[in-house]
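Asker: from the sequence below, what's the structure:
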Amino acid sequence: MSGWVQVAGLGPGDDRLVTAEVQEAISQATDIVGYIPYVRRVEPRAGLTLHESDNRVELDRARHALEMASQGKRVVVVSSGDPGVFAMASALFEAVESGPKAWQDLDIRILPGITAMLAAAAQLGAPLGHDFCAINLSDNLKPWDLIEKRLRLAGQAGFAMAFYNPRSKSRPHQFGRALEVLREECGASTLISFAKNVTKPTQKLVTVTLAEAEPEMADMRTVVIVGNVDTRQIGRFVYTPRQVQ
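Answerer: This next block holds a predicted model:
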């Protein structure tokens, strides 16, 4: 089989943060597959077919990419950020696992990108400068009880935390509950930062304490970063020291 699939991260939004490796893959592709706004970041050209799809059909999208690759096409599946962080890389391998055995022999590559968590941290300073974890607050693919358990344990362990998908129109109340848990486990004086539309012209950064945080400060375009007991603010910068007290 001469076709291939490459799952590529387009970074957090600024085109300058798309890696040269990803740009090369897109230049060689015959087909681009992905969620509508991500596909539209790819410049149309002769010989390239763009396949847009909705955000809730990840497995269908992955199967379509694998089918085209098995027919000899060169397919790039695009994600925002890094494709291995709450994105399409895992969905692709789920499809490979449940699909025809021949898919396991395809030329499949994962091309890393700058995920929103790291882009937000860089804009803020260095809030993830020591041990940290990333948690997706959406309960679409896992139960809320598990999310709350992970929040509590991460807070008890003293991790800084980065949250994806904190608050949507379909679940506006859950982030408020997450803040309650964080205040209980981390303390009301712990710093929390809201990074909206990171690296885009409309970027907005806000840092407050957990006592001051309100659920409305976050939406689906916001990455939320919670510090640990050592995280501090120096002027406009937030950082977590490397040395633990």
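Asker: who's in contact with residue 97?
Answerer: Contacts for residue 97 (C-beta atoms under 8 Å, 6 or more residues apart in numbering) come out as none. (Each C-beta comes from the backbone N, C-alpha and C, glycine too.)
Asker: any idea how far it lies from residue 147?
Answerer: From residue 97 across to residue 147, the span is 25 Å (C-beta to C-beta, to the nearest Å).
Asker: could you check the pLDDT of the closest residue to residue 191 other than its chain neighbours?
Answerer: The spatially closest residue to residue 191, leaving aside those adjacent along the chain, is residue 227, at 4.4 Å (C-beta to C-beta, 6 or more residues apart in numbering). With respect to pLDDT, residue 227 has a value of 97.
Asker: give me the number of neighbouring residues for residue 227.
Answerer: For residue 227, the tally of surrounding residues (other C-beta atoms under 10 Å) stands at 28.
Asker: now do the one 5 residues further on
Answerer: When neighbours are counted by other C-beta under 10 Å, residue 232 registers 14.
Asker: before we move on, back to that, next up, phi/psi of the residue nearest to residue 191, please.
Answerer: Here is the backbone geometry of residue 227 (degrees, to the nearest 10): phi -80, psi -180.
Asker: which residue ranges of this protein form helices?
Answerer: For the chain, the helices defined by DSSP state H occupy 20-28, 36-39, 58-70, 88-98, 116-124, 144-157, 174-186.
Asker: same list (these) but as JSON lines, adding distance to residue 109 and mean pLDDT.
Answerer: Shown next, in JSON lines, are the helices of the chain (distance: least, C-beta to C-beta, whole Å; pLDDT from 0 to 100):
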{"stretch": "helix 20-28", "distance to residue 109": "8", "mean pLDDT": "97"}
{"stretch": "helix 36-39", "distance to residue 109": "18", "mean pLDDT": "95"}
{"stretch": "helix 58-70", "distance to residue 109": "11", "mean pLDDT": "96"}
{"stretch": "helix 88-98", "distance to residue 109": "10", "mean pLDDT": "96"}
{"stretch": "helix 116-124", "distance to residue 109": "21", "mean pLDDT": "96"}
{"stretch": "helix 144-157", "distance to residue 109": "30", "mean pLDDT": "96"}
{"stretch": "helix 174-186", "distance to residue 109": "35", "mean pLDDT": "96"}
